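Peer 1: Test case, fold it:
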Amino acid sequence: MTTVADMATSDAVLATILKSLEDDKAEDIVQIDLRGKTAIGDHMVICSGRSTRQVSSIAEKLAQRIKDEFGHTPKMEGKDVGDWVLIDTGDVIVHVFRPEVRDFYQLEKMWLAGAEASAQN
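Peer 2: Numbering: from 1, shown residues only. Below is the predicted model:
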């Protein structure tokens, strides 16, 4: 069961993530509320970087900011390749894509469609 304190922490992590992505010039930032829809996290954030170098840089800086502000290092996958980096903070899952890779996988369409279907039930 998610408590008010957990939600406050989740929302604080989300706010830090969104600010970090904006500061690092991430593009097309999409935020998806997952609360009550899945156990993988409370929020998902999807964004793009213009190049593999920018994708990796956005992810590195985000992980460092989470560590500095909340005292834990998020799990990260894909940073070495830089096409698609997954950052898992526990409460918030962040996907940073190169635009072509993001277009191919279309994660936000899948999750937003699922969120809309859940809201209608």
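Peer 1: So which elements touch the helix or strand hosting Asp68?
Peer 2: Element membership of Asp68, judged by DSSP states H and E, is helix 52-70. Contact partners of helix 52-70 among helices and strands, from 3 or more Cβ pairs under 8 Å, 6 or more residues apart in numbering; DSSP states H and E: helix 4-23, strand 84-88, strand 92-97. For the C-beta atoms, the positions are set from N, CA and C on the backbone; glycine is no exception.
Peer 1: Which one of those has the poorest average confidence?
Peer 2: Of all the helices and strands packed on helix 52-70, mean pLDDT reaches its minimum on helix 4-23 (a mean of 83).
Peer 1: Please spell out which residues along it are buried.
Peer 2: Residues of helix 4-23 classed as buried: 10, 13-14, 16-18, 20-21 (neighbour count, 16 or more other Cβ atoms under 10 Å).
Peer 1: and if you look at stretch 82-97?
Peer 2: 82-87, 89-97.
Peer 1: Also stretch 24-32?
Peer 2: 24, 26, 30, 32.
Peer 1: and which of those is nearest Ala63?
Peer 2: Minimum distance to Ala63 across the buried residues of stretch 24-32 is 11.8 Å, recorded for Asp24 (Cβ to Cβ).
Peer 1: can you count the residues close to the closest residue to the closest one other than its chain neighbours?
Peer 2: Using Cβ to Cβ, 6 or more residues apart in numbering and skipping the chain neighbours, the partner closest in space to Asp24 is Ile58 (4.7 Å). Each residue near Ile58 was counted by other Cβ atoms under 10 Å, and the total is 26.
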